[in-house]
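Novice: Provided below are the primary sequence and the corresponding predicted coordinates.
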Amino acid sequence: MPPELPSLVASDVDGTLIDDDERVTARTREAVRTVVASGTPFVLATGRPPRWLGPVVEGLGFAPLAVCANGAVLYDAEADRVLEAATLPVETLAWLADLVDYELPGAGLAAERIGATAHDTATAQFVSAPGYEHAWLNPDHTEMAPEDILSAPAVKMLIRIPGARSADMAAKLRPLVGERADLTYSTNNGLIEVSAPGVTKASGLRLVARRLGVAESGIVAFGDMPNDIPMLSMAGHGVAVENAHPDAKAAADEVTATNSADGVARVLERIWAD
């Protein structure tokens, strides 16, 4: 690392910043506060939608800017305002649905939409087909007919096969999707996440860097899964936690301790102690 402080610190949430009980530990909270107090911006970069950031914001004790939905949404948590959003058009959603129906028969489909705020009640933000089985607890979904899921632009399409491996699903679909969309996964539990072409956590961080007027080369980023790889690769210094996917570790410049052993905090403490 260069002797000067980073221009920006960005961290994934699940499996990286928070521990296995989904908490921001006291040590991590203090390390992040030190970063912010020094004048370096701290940004969340997550696959989560804005409405799922409340517990993380509470744990940190402040509301940072957030790159959400794997880079598709730039969200101001303090103002509860969506600043920018990149969506998949309905034509692409329909094409993806046909492709999935042919290549992965029986897969469930869902879509993540976005409103003006995290809890925009005028927008059904997570819509799923009947029988869709969530990869994690998601109590706020709206069940719709399959054709209705495709009726409005979405920041993410989700493709789900319980019991499958996400890596296998991605390997089958990625060559066929090509450049029409960006395909990744944040769990290997049979879930693929599809965004607009070129939309990744890296593209979201570039938007943040331009807004804040900071150098991309000075970014320090933390992550654990394949959806973090673009961000780890573009950052001046990419850090994977020890519990990370092997591909994320390979893309990183450094591997720190696990998320439950305050891996993010350990690196931040070292940098801010120098």
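Specialist: Structure received. Keep in mind the model is a prediction, meaning the values are calculated, not measured.
Novice: every contact and neighbour count from this point should use C-alpha atoms.
Specialist: Fine.
Novice: what about the closest residue to L109 other than its chain neighbours, which SS state?
Specialist: With sequence-adjacent residues excluded and distances taken as CA to CA, 6 or more residues apart in numbering, L109 is closest to I159, at 5.0 Å. Recorded secondary structure, I159: strand (DSSP: H, G, I helix; E, B strand; the rest coil).
Novice: give the bridge partners for I159, please.
Specialist: For I159, the beta-bridge partners under DSSP bridges are L109, I192.
Novice: the chain should start at 155 in everything you say after this.
Specialist: OK, 155 is where the count begins now, so the last one is I313.
Novice: and it, what is it in contact with?
Specialist: V254, A261, G262, L263, A264, L345, I346, E347 (CA atoms under 8 Å, 6 or more residues apart in numbering).
Novice: over to R334?
Specialist: So R334 contacts T246, A350, P351 (CA under 8 Å, 6+ apart).
Novice: tell me the strands beside the lowest-mean-pLDDT helix or strand in the chain, with direction?
Specialist: Across the helices and strands of the chain, mean confidence by mean pLDDT, DSSP states H and E is lowest for strand 296-297: a mean of 88. Strand 296-297 has these partner strands in its sheet, going by DSSP bridges: strand 280-282 (parallel).
Novice: give the contact list for the closest residue to E232 other than its chain neighbours.
Specialist: Nearest residue to E232, sequence neighbours excluded (CA to CA, 6+ apart): A217, at 4.9 Å. For A217, the contacting residues are V211, D230, A231, E232, by CA under 8 Å, 6+ apart.
Novice: next step: those restricted to strands.
Specialist: D230 (DSSP state E).
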